[in-house]
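In: have a look at this prediction, sequence included:
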Amino acid sequence: MSTVVVIPSRLSAMRLPNKPLAMIAGKPMIQWVYENASKADVGDVIVATCCDEIADVIKGVGGTAVITDPALPSGTDRVFAAVKSLSQKYDKIVNVQGDLPFIDPSAIKKVVDVFQADSDITSLCAPITDDSEIVSASVVKPVLSFINDDLAKALYFSRSPVPYGAKTYYHHLGLYGYTFNALEKFVSLAPSYLEKSESLEQLRALEAGMTIHMGFVDSAPIAIDTPEDLEKARAHAKNL
């Protein structure tokens, strides 16, 4: 079955303007994400953007960028628009968020491997080892129904510490796999009540009865949302 990795990227982030072009160890952030996604070797890799500046970076390293409508409401809509515009049709679409410059290529492979016969969407999470993350609203916690030690079904996602009294809390990664039909269905749905309450669009899928299977990795990669995150990433890059 054919797979494509799509990285949605735009310049108009509120907390860190021009984030995809922020330099980390001599390379724009979006280039880091693109190169790590390419190393996963699960299929074609494209960047879905509305900005020529981002497209030029990707084309400059021999990659493929697709220009999409700037008015699209979310990165997921941008992913679907890019995939729909391609002549080749894909069975599985992996959405790698553009603010994960150090995403492990093996994590991208795993989100593909997690697919089950009844999966609509797949994703990953990691055990939380820093207690401050449990109460942090910026760290999304999944509620899981375990199928075995390596696979679970997502029941809910929250910015709050859930489930209450858990022995282990998990950090959800910004990485999704979709079947083409599931992605098409998802973007056709209006934002749901729980999605708007938590500001988490994956809850739209759960409210619509879609199945999200979850795999596990040892740790969550650095996600960049603020200038402070960017400085941490730059310090991390020096140690690579």
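Out: Cool, got the structure.

In: so which elements touch the one helix or strand K59 maps to?
Out: Per DSSP states H and E, K59 falls inside helix 52-60. Packing partners of helix 52-60 (3 or more CB pairs under 8 Å, 6 or more residues apart in numbering; DSSP states H and E): helix 29-40, strand 44-49, strand 64-67. Where you see a C-beta, it was placed from the backbone N, CA and C, and this is true even at glycine.

In: need the helices for this structure, in chain order.
Out: With DSSP state H, the ranges of helices along the chain come out as 29-40, 52-60, 75-85, 105-113, 131-135, 180-188, 193-198, 202-207, 227-238.

In: list the buried residues in the third one.
Out: Put plainly, it is helix 75-85. G75, T76, D77, R78, V79, F80, A81, A82, V83 (16 or more other CB atoms under 10 Å).

In: now the second one
Out: Of all the residues in helix 52-60, those buried under the rule 16+ other CB under 10 Å are I54, A55, V57, I58.

In: just put those in TSV and tack on pLDDT.
Out: Output for these, formatted as TSV (pLDDT from 0 to 100):
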residue	pLDDT
I54	96
A55	97
V57	97
I58	97
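
In: so the longest strand seen in the chain versus helix 180-188, what angle?
Out: For the chain, the strand with the greatest residue count under DSSP state E is strand 170-179. Interaxial angle, strand 170-179 versus helix 180-188 (axes from the mean of the first three to the mean of the last three CA atoms, to 10 degrees): 110 degrees.

In: neighbours of L124, how many?
Out: Using other CB atoms under 10 Å, L124 has 23 neighbouring residues.

In: so how far is I108 from it?
Out: Noted for L124: a distance of 9 Å to I108, by CB to CB, to the nearest Å.

In: shared neighbours of those two, anything?
Out: Common neighbours of L124 and I108, using CB atoms under 8 Å, 6 or more residues apart in numbering, are L175.

In: relative to helix 29-40, how tilted is the helix holding K59?
Out: 40 degrees.

In: poorly predicted segments of this structure, please.
Out: Scanning the chain for pLDDT under 70 picks out the ranges 1.

In: and it, what are its domains?
Out: Structural domains assigned to the chain are 1-99, 104-220, following automatic domain parsing.

In: next, the distance between the ends of the last one.
Out: The first and final residues of domain 104-220 sit 9 Å from each other (CA to CA, to the nearest Å).

In: starting at the chain centroid, how far to stretch 201-213?
Out: Distance, stretch centre to chain centre, for stretch 201-213: 15 Å (CA atoms, centre = their mean, to the nearest Å).

In: which ones are touching A208?
Out: With CB under 8 Å, 6+ apart, A208 has these contacts: K185, F186, L189, S192.

In: drop anything exposed from those.
Out: Among the contacts of A208, those scoring as buried are F186, S192 (criterion: 16+ other CB under 10 Å).
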